[in-house]
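[1] this one's structure only:
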């Protein structure tokens with residue numbers, strides 16, 4: 001009796017494991033083509049860096065994409081090598097365009113601000129561009145882990161410098177891995193947020209952009225890309 005129960009239990013576990021594997025395979029297969037329904041006034045957007053390679057921006061625009069954020073810079077000196085090319089192409093295709101900067105823990109905020117602002121000046125960005133975004137993630141960041149007060153000062157200096165120069169309020173893309181170690185300074189918590197919640201609509205209101213997927217397929221781009229929903233404007 002005991003052996004029969006054991007065999008039955010093992011069989012159930014194997015079947016459940018196969019179901020989970022098959023479901024995950026199906027999930028991964030469906031995900032690239034998934035687009036959530038849009039509420040009134042919402043639009044689809046994407047975010048792109050040099051990792052996507054050359055982009056056919058006319059094809060992107062024709063695939064019901066209205067806005068894009070482009071990686072411009074990282075840390076104090078890194079410049080995305082396709083930023084200017086992507087900016088010109090996306091603008092010419094009629095998309096709303098903005099720039100994002102990957103914040104590094106290892107550089108002072110003023111130095112990082114000069115890097116992004118230099119990229120924006122190169123492409124002639126003005127107040128018709130989307131507000132600059134600061135990308136806050138631990139993954140891919142420098143190996144050092146400064147004290148929270150050091151990171152708070154660097155982030156604050158970066159945001160203050162960007163807002164002073166551009167005249168626009170910065171939007172923050174802050175992942176949980178970052179904020180669990182480095183909570184946002186109190187005076188930055190009212191900035192608009194770019195929320196990452198794959199597939200599921202954010203549970204709270206107030207987001208400016210919502211990252212839906214990191215594996216979307218968009219016409220004009222060879223390979224997966226982040227798909228976003230742009231919130232309706234008031």
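    Ah, there it is. Since we're looking at a predicted model, the values are computed, not measured.
[2] Next up, the contacts around residue 218.
    Residues in contact with residue 218 (Cβ atoms under 8 Å, 6 or more residues apart in numbering) are 46, 60, 63, 65, 225, 227. Every C-beta, even on glycine, is put in place using the N, C-alpha and C of the backbone.
[3] show me where the protein has helices.
    For the chain, helices defined by DSSP state H occupy the ranges 2-30, 57-62, 83-92, 109-122, 148-166, 176-181.
[4] quick revisit: nearest to residue 200, of the contacts of residue 218?
    Closest approach between the contacts of residue 218 and residue 200, by Cβ to Cβ: residue 227, at 13.4 Å.
[5] neighbours around the closest residue to the closest one other than its chain neighbours, how many?
    Nearest residue to residue 227 in three dimensions, chain neighbours excluded: residue 216, at 3.6 Å (Cβ to Cβ, 6 or more residues apart in numbering). Residues near residue 216, counting by other Cβ atoms under 10 Å, number 21.
[6] Run through who's touching the longest strand along the chain.
    Counting residues, the longest strand found in the chain (DSSP state E) is strand 207-216. Here strand 207-216 makes contact (Cβ under 8 Å, 6+ apart) with 28, 31-36, 45-47, 69, 171, 173, 192-199, 201-202, 224-231.
[7] again, 6 Å this time
    For strand 207-216, the surrounding residues in contact (Cβ atoms under 6 Å, 6 or more residues apart in numbering) are 31-32, 36, 171, 192-196, 202, 224-231.
[8] Partner strands of that strand and their direction?
    In the sheet, strand 207-216 lines up against strand 193-196 (parallel), strand 225-230 (antiparallel) (DSSP bridges).
[9] Kindly state the beta-bridge partners for the closest residue to residue 91 other than its chain neighbours.
    Excluding its sequence neighbours, the residue lying closest to residue 91 (Cβ to Cβ, 6+ apart) is residue 97, at 5.6 Å. Residue 97 forms beta bridges with residue 68, as assigned by DSSP bridges.
[10] Go ahead and confirm residue 97 touches residue 90.
    Yes. Counting by Cβ atoms under 6 Å, residue 97 touches residue 90, with 4.7 Å between them.
[11] out of the two, which sits in the busier spot?
    More neighbours surround residue 90 than the other of residue 97 and residue 90, with 25 against 22 (other Cβ under 10 Å).
[12] hang on, the more buried one packs against residue 57?
    Yes. With contact defined as Cβ under 6 Å, residue 90 counts as touching residue 57 (5.0 Å).
[13] burial measure for the spatially closest residue to residue 151 that is not a sequence neighbour, as a count.
    Ranked by Cβ to Cβ, 6+ apart and with sequence neighbours excluded, the top spatial neighbour of residue 151 is residue 182, at 4.7 Å. Neighbourhood size, residue 182 [other Cβ under 10 Å]: 23.
[14] go on, residue 203?
    Neighbour count of residue 203, defined by other Cβ under 10 Å: 7.
[15] do you know how far residue 201 is from residue 229?
    Residue 201 sits at a distance of 8 Å from residue 229 (criterion: Cβ to Cβ, to the nearest Å).
[16] scratch that, residue 195
    For residue 195 relative to residue 229 (Cβ to Cβ), the value is 10 Å.
[17] Over to residue 67?
    Relative to residue 229, residue 67 is positioned 10 Å away (Cβ to Cβ).
[18] Comparing the two, which residue is more hemmed in?
    Taking other Cβ under 10 Å, residue 67 and residue 229 do not tie; residue 229 has more neighbours (23 against 19).
[19] Verify the stated contact: that one with residue 43.
    No. Between residue 229 and residue 43 there is no contact under Cβ under 6 Å: 7.4 Å.
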